[in-house]
Every structure is written in structure tokens, then in C-alpha cells.
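Enquirer: Okay, predicted coordinates and the sequence, questions at the end:
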Amino acid sequence: MSLKDKTKWDKKYQNKPQLLEFRDASAKLIDALKNIPKGDALDLACGTGRNALYLAQNGFEVDALDIAQVALNTLTQDAQRLDVANLIHAKLTDLDNYTIKKQYDLIVMCNFLDRALLQKTKNSLNSGGFYFVETYMLDASNEKENSDKNNLLEKKELQKIFDDFEIVYYDEFDNEKHEIYSMKKQVILAKKLLP
């Protein structure tokens, strides 16, 4: 990412205030947490932090990274309102140049796709740790026709990316009703194998 990306995302949030409205965490993540013990979590491209907030409310300590300061400001306000500010560490971050300096029990990436970042961050999980990814995929039923195909998963691509992990859960499904366009998504919960 770059200053251009930062400006683009800040402007998007400013021009579409509905994107700053409080939303529930991903239903798939909520369900996945039944299988995951509490610990340290990393939320990549966290946006306004709907998932980071839920994780913190459920006992995780969360590093929440995003390039949009406008979104992080909303996350910080919501964390204070929900009394979980002490569990969330929101950081303005260019993920293209970010080096992870610690190990996590859970890494989350939702509604964002960076294949190189997925590969790079797999090594930042503790043995037995979990990676949760939920994002958009190529599908003939997608309403947003001008989507950059590089930002969309191929069919079953997440299974290939995590073929060196234990796949706990995988699904392809229609996105949430609150989203602007109807799009197909993939989700995976993958567990890093013990050495």
C-alpha cells in the first residue's frame, strides 16, 4: 500500500458514512470462536474493527491494523464505549511494509485479500494457532461487475493456500445482507500443525 491507498480508504470512509456504522462481527467468525481458546489475536485490515471488538469482548488481546485512520478512529471510540480499549491496540499500518514482531494464537483477515501477506503471516502463528480468512471470490452471480479480479479468490483457493494447515472449516457462501453488493465469499478456519 502507499499514501495513495491511505488517502483512498480515508476518503471512502468519509464519503460513505454508513461504512463507519457499528456492525456485528462476522457470523462465521463468531461461530469459529467456539473452537479457539483465548489468546493474542491479530486483525489484518481491520477497518472499523467489528471483529477486533468482538474478539476483545471475548477475552482476546488484539492488535488491529489498518491503513485508514478514519476507520481506526471509529474503532478506538467503539472500544472505549464497549470498555475493551485496554485489550485493543489499533495501529495505523501499511501492510505492504509491515513486519510482524510477535507470535499470535489467532490471525483474522476479513473482506480483504493480499495473497503475499497471507503467506508471510502464516509463520506468525503459534503452533496450534488458527488463521481465519473470509473474503470475496470470483463468481458469475457477483453483482459488482467492475471488481478487480486480483482481489477475488478463485474457487477453493483458500484450501490451496492453507494446504499445509489442518482445515477445520471451509465454506463458500453469499455475503451479508448489509453489504452494498451481493457477492460470493469464501471462508476458512485453518489450524497450524504442531511441529
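Expert: Thanks, I have it. Predicted model, so just to flag it, every value in this text is computed and none were measured.

Enquirer: So, low pLDDT: which residues of this structure?
Expert: 1-22, 143-147, 178-181 (pLDDT under 70).

Enquirer: hey, which strand is longest across the protein?
Expert: Secondary structure of the chain read by DSSP state E shows that its longest strand is strand 125-136.

Enquirer: For it, name the packing helices and strands.
Expert: For strand 125-136, the elements it packs on are helix 27-32, strand 104-110, helix 115-122, strand 184-191, judged by 3 or more CB pairs under 8 Å, 6 or more residues apart in numbering; DSSP states H and E. No exception for glycine: its C-beta is placed from N, CA and C like everyone else's.

Enquirer: relative to helix 115-122, how tilted is that strand?
Expert: Between strand 125-136 and helix 115-122, the angle comes out at 150 degrees (axes from the mean of the first three to the mean of the last three CA atoms, to 10 degrees).

Enquirer: Strand 125-136: partners in the sheet, and parallel or antiparallel?
Expert: strand 104-110 (parallel), strand 184-191 (antiparallel) (DSSP bridges).

Enquirer: Just put these in JSON lines and tack on distance to residue 72.
Expert: Output for those, formatted as JSON lines (distance: least, CB to CB, whole Å):
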{"stretch": "strand 104-110", "distance to residue 72": "16"}
{"stretch": "strand 184-191", "distance to residue 72": "24"}
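
Enquirer: quick one: the helices in the chain?
Expert: 3-15, 27-32, 50-57, 69-81, 115-122, 157-161 (DSSP state H).

Enquirer: how about the closest residue to residue 39 other than its chain neighbours, what does it touch?
Expert: Using CB to CB, 6 or more residues apart in numbering and skipping residues adjacent in sequence, the residue nearest residue 39 is residue 105, 3.0 Å away. By CB atoms under 8 Å, 6 or more residues apart in numbering, the contact list for residue 105 reads 36, 37, 38, 39, 40, 41, 60, 125, 126, 129, 130.

Enquirer: got a list of what the third one touches?
Expert: Right, residue 38. For residue 38, the contacting residues are 58, 59, 60, 105, by CB under 8 Å, 6+ apart.

Enquirer: In a markdown table: the helices and strands packed on strand 125-136, plus distance to residue 96.
Expert: Below are the helices and strands packed on strand 125-136 laid out as a markdown table (distance: least, CB to CB, whole Å):
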| stretch | distance to residue 96 |
| --- | --- |
| helix 27-32 | 24 |
| strand 104-110 | 14 |
| helix 115-122 | 8 |
| strand 184-191 | 23 |
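
Enquirer: What about residue 174, how many residues nearby?
Expert: The local packing of residue 174 (other CB atoms under 10 Å) involves 13 other residues.

Enquirer: That one pairs with what?
Expert: Beta-bridge partners recorded for residue 174 (DSSP bridges): residue 184.

Enquirer: how near is it to residue 115?
Expert: For residue 174, the distance to residue 115 (CB to CB, to the nearest Å) stands at 23 Å.
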